[in-house]
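A.B. asks: Any chance you can model this:
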Amino acid sequence: MAPTENDIAIVGFAQTAPERRTRLTEADLVLHATRAVIAEVGIDKSEIGFTVSGSCDYLSGQGFSFVQNTDAYGMVPAINESHVEMDGAWAMYEAYVRLLQGDIDVAMAVGVGKNSNSDPSTLFTIEFDPYYLAPLGTDTWSLAALQARALLESGKATERDFAEVVVRNRGNAKSNPFAQVSGDYSVDELLGADYVRNPLRRHDLPPTTDQGAAVILARGKRAYDLCERPAWITGIDHRIEAHLPTVRKDITTSVSTKLAAEGAGAGKGPIEVAELQAPFSFQELILSESLGLDASTEINPSGGALAAHAVMAAGLIRVGEAANQIIKNGRNRTLAHSTSGPCLQQNFVCVMEGDR
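C.D. replies: As a prediction, the model looks like this:
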């Protein structure tokens, strides 16, 4: 492949070990992730023209928490930095757009979440719409349960289908050294567990994870200087729906995911591997349908978000895992997905290809 100056690729990815509760600070997690990816690519941090991070003040328990993280990655000069109050996947999107301006060749995106600082079943309630959702005291798990119930009543899936998703993801995660939850389970064993939010059992919910991740992107021929087989971003898009699930036409499908996939050109060729950020088991079924994936696509060989789910880093990790399928495993075309908001409200899709 002879890249044009506006062709952009992921050339490196690193993540910290996922933990249920770490003693490290967010800044520590950022430091370890960025040091690892810079070392992997083999550059000096002064060669990085722009850095953007994704994190959440609610998780940190303080305002402008990202400011201390900038000290961790210590860019030169420090002003070439930005931040999004979103998953690191959206930080990667900003880094991608920044590279398109053409005056720099290398950028880095970071995602970090120390989820153990609080109870995820209650924390995100205060982030919901303050007029209609927050006063109800509902939480992310309960809204996901309502979506799961709608999916069951539509006849598109069964609780056994949910359990099969968990069995496959946890089985895949056994080969992933960065999985927090993995192992061999049977569908019947999982279906015998108690409900946490009916019809969801504990295994249908995302694990609480503390983790940081980082990717490095490069533009044009510079990508080949840093990586033997870059993961070229051939399409990227993200779309958003109404925050209030009750005003959406049908929550058993994901319109924003479908539109993002179309915008990213996902259907222009076969997808060999898809890394989907499906925090709840049944959401993988909704996403697979909305993305138009079929049986030929390997979904979440890393174990996905059911193996480790650091809010604000899980989406970027999906990007990194999908990129590594090209960089290290010789795949030709992969897809990464990230989500934000209640009931798959906002969705991001990135399609990557390698040299054939």
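A.B. asks: check which helix or strand covers the residue nearest the centre of the chain.
C.D. replies: Residue closest to the average C-alpha location in the chain (C-alpha atoms, centre = their mean): residue 315, at 0.9 Å. Residue 315 belongs to helix 314-327 when assigned by DSSP states H and E.
A.B. asks: Direction included, what does whichever helix or strand comes after that helix pair up with?
C.D. replies: Next in sequence after helix 314-327, counting helices and strands by DSSP H and E, comes strand 333-340. If you go by DSSP bridges, strand 333-340 pairs up with strand 273-275 (parallel), strand 346-353 (antiparallel).
A.B. asks: how's the chain carved up into domains?
C.D. replies: According to automatic domain parsing, the chain comprises the domains 8-119+209-230, 122-202+232-353.
A.B. asks: Output the strands paired with strand 333-340 as CSV; include the columns mean pLDDT and distance to residue 128.
C.D. replies: Using the backbone N, CA and C atoms, a C-beta is placed for each residue, glycine as well. Below are the strands paired with strand 333-340 laid out as CSV (pLDDT from 0 to 100; distance: least, C-beta to C-beta, whole Å):
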stretch, mean pLDDT, distance to residue 128
strand 273-275, 98, 27
strand 346-353, 98, 14
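A.B. asks: right, so of those strands, which gets closest to residue 141?
C.D. replies: Comparing those against residue 141 with C-beta to C-beta, the closest turns out to be strand 346-353 (18.4 Å).
A.B. asks: Could you give the separation of that closest one from the chain centroid?
C.D. replies: With C-alpha atoms, centre = their mean, to the nearest Å as the basis, strand 346-353 stands 10 Å off its chain's centre.
A.B. asks: Taking their axis directions, that strand and helix 314-327 sit at what angle?
C.D. replies: Put simply, strand 346-353 runs at 10 degrees to helix 314-327, going by axes from the mean of the first three to the mean of the last three C-alpha atoms, to 10 degrees.
A.B. asks: ok, back up a step: what about the strands paired with strand 333-340, which gets the closest to residue 5?
C.D. replies: strand 346-353 (17.8 Å).
A.B. asks: Output that closest one in PDB with nothing but the alpha carbons.
C.D. replies: C-alpha atoms of strand 346-353 as PDB (Å, rounded to 0.1, in the frame of the first residue of the first chain):
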ATOM      1  CA  GLN A 346     -24.300   6.900  21.500                       C
ATOM      2  CA  ASN A 347     -22.100   4.600  19.400                       C
ATOM      3  CA  PHE A 348     -18.700   4.800  17.700                       C
ATOM      4  CA  VAL A 349     -17.500   2.600  14.800                       C
ATOM      5  CA  CYS A 350     -14.000   2.300  13.400                       C
ATOM      6  CA  VAL A 351     -13.000   0.100  10.500                       C
ATOM      7  CA  MET A 352      -9.400  -0.800  10.000                       C
ATOM      8  CA  GLU A 353      -7.500  -2.600   7.200                       C
END
